[in-house]
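Chemist: fold the stuff below for me.
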Amino acid sequence: MANTGAMNSSFNASGAYAQSFGAMPDRTRYTSIDVKSGNVETDFRSDMFGKNNIGLKALNSQTGGAGTAGYALVPVYVDPKIIDQTRKYTPLCEIIPRVTNYGLTADYNVITAKGGGFVAAEDASLSETNTTYDRKSTSIKFLYSVGRVTGPAHAAIPPYAMAGFQAGAGESMGSGFADAAAPNSKQLEVLVKARELKELEENLIVNGDTDDDTNEFNGIIDLMSTTNTVDKNTTDLDLDDINTAVQYAFDDGGRPNLAVCSSAVYTDLLNLLQQRIGYMTAQQNVFWGFQSIVVHTMVGPITVIPSMYMSNTSGSKAMYLLDLSVVEMRVLQDMTYQELAKTNDSDKFMLKMYEALIIRNTAFCASITEIK
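Modeler: So this is what the prediction gives:
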């Protein structure tokens, strides 16, 4: 009891009363209800706690103490748009014609030599000339991306939007930077895996090499090799190099209509063209986030586009001039979604493509390599 008395002696009853009721007289009824009608007869609480309770502090952004990401009473608002900081654009996936293909190999015939026509005297003995045919065969390769979404992720992750998905994943021909909606976590993961698969395809179109990995198909660099190459031997690009390369292809029967180069070569070409007014038309919009250049050559205008998958290293920079009439992406099965076995509290799936790049005749194309 002595301790209780000590505690009571330090208690300020008047202060506690004033904090709640201010100057209101003692024993004042501040709430009352008519029990018969249920009507409120008296209620002074709004005045008491709104005006008289000087002990309450103002509510501010730090009220409530520390929270998970700031202060407890302040919620976290996450932007619903997701930016892929690693994105690469895939124009070649859409520009190169996609052609259906039966079977596990892309087979086609070519003429490698003709006996040729000839002149002869009147009523001369006529002998046939021989044409030489050959069969080419390229194996279809299998591309995959695999995703998995857990049950808690399904329940907890809100809708998002993948920014610029079409431009990165080639969802539609010539599509721009439109966002793609992901109403749930699984759809978000599908969008990411679709982008991964198209980026893999674009990379293989440029850099694929079956010698490095037998599961890859050969890309443009490997297929062209040294055919019709203007080898710069680590010297600067010149506009005459383009004319020379085009001439090589023309003399072999080709008509290049698309040029692909690294971004550094693209910049080199822009700088050269600024010194040659009239050599190029006005830059033209394409749908993958850059302006194409159109150069005028002996076979007509050639559109030049930069690739994010080509080297910018001095001595390894290059430009490839392609005749798209002989360049094809042979497709056994285009991008397909498929569920995988469900063994845990998660959904596992894969996206896949079966395809291979072919150039029916590399001599119809040309290249400029080892640019400084």
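Chemist: which segments of the protein make up each domain?
Modeler: The record's domain split for the chain, according to automatic domain parsing, is 1-44, 91-115+133-371.
Chemist: can I get those domains in a markdown table with mean neighbour count, distance to S61 and mean pLDDT?
Modeler: All C-beta spots, glycine's among them, are computed from the backbone N, C-alpha and C. Compiled in a markdown table, the domains of the chain are given as follows (neighbours: other CB atoms under 10 Å; distance: least, CB to CB, whole Å; pLDDT from 0 to 100):
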| stretch | mean neighbour count | distance to S61 | mean pLDDT |
| --- | --- | --- | --- |
| domain 1-44 | 9 | 25 | 68 |
| domain 91-115+133-371 | 17 | 24 | 91 |
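Chemist: could I get the ones you listed as TSV with distance to Q85?
Modeler: Output for the domains of the chain, formatted as TSV (distance: least, CB to CB, whole Å):
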stretch	distance to Q85
domain 1-44	55
domain 91-115+133-371	11
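Chemist: just the helices in this protein please.
Modeler: Remark: helices assigned in the chain by DSSP state H are 2-9, 13-21, 45-47, 91-95, 151-156, 165-169, 185-207, 220-224, 239-251, 263-273.
Chemist: packing partners of the second one?
Modeler: In this case it means helix 13-21. Other helices and strands packing on helix 13-21, by 3 or more CB pairs under 8 Å, 6 or more residues apart in numbering; DSSP states H and E, are absent; none qualifies.
Chemist: may I have it as PDB, with CA atoms only?
Modeler: Taking Å, rounded to 0.1, in the frame of the first residue of the first chain, the C-alpha atoms of helix 13-21 are listed here in PDB:
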ATOM      1  CA  ALA A  13      -5.900  14.300 -11.200                       C
ATOM      2  CA  SER A  14      -6.600  17.900 -12.300                       C
ATOM      3  CA  GLY A  15      -4.400  17.600 -15.300                       C
ATOM      4  CA  ALA A  16      -5.900  14.400 -16.400                       C
ATOM      5  CA  TYR A  17      -9.400  15.800 -16.000                       C
ATOM      6  CA  ALA A  18      -8.500  18.900 -17.900                       C
ATOM      7  CA  GLN A  19      -6.900  17.000 -20.700                       C
ATOM      8  CA  SER A  20     -10.200  15.200 -21.400                       C
ATOM      9  CA  PHE A  21     -12.900  17.700 -20.400                       C
END
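Chemist: how far off centre is it?
Modeler: Centroid separation between helix 13-21 and its chain, computed with CA atoms, centre = their mean, to the nearest Å, is 66 Å.
Chemist: stretch 107-125 now?
Modeler: Once both centres are worked out by CA atoms, centre = their mean, stretch 107-125 turns out to sit 51 Å from its chain's centre.
Chemist: then stretch 132-140?
Modeler: Chain-centre distance of stretch 132-140: 34 Å, with CA atoms, centre = their mean.
Chemist: so which residues make contact with it?
Modeler: For stretch 132-140, the surrounding residues in contact (CB atoms under 8 Å, 6 or more residues apart in numbering) are 101, 103-114, 217-218, 330, 332, 354-358, 360.
Chemist: what about 6 Å?
Modeler: Residues outside stretch 132-140 that contact it (CB atoms under 6 Å, 6 or more residues apart in numbering): 104-113, 332, 354, 356, 358.
Chemist: what do you get for stretch 329-345?
Modeler: Contacts to stretch 329-345, defined as CB under 6 Å, 6+ apart, come from residues 96, 98-99, 101, 106, 140, 151, 348-358.
Chemist: tell me how far F165 lies from N203.
Modeler: Going from F165 to N203 by CB to CB, to the nearest Å gives 18 Å.
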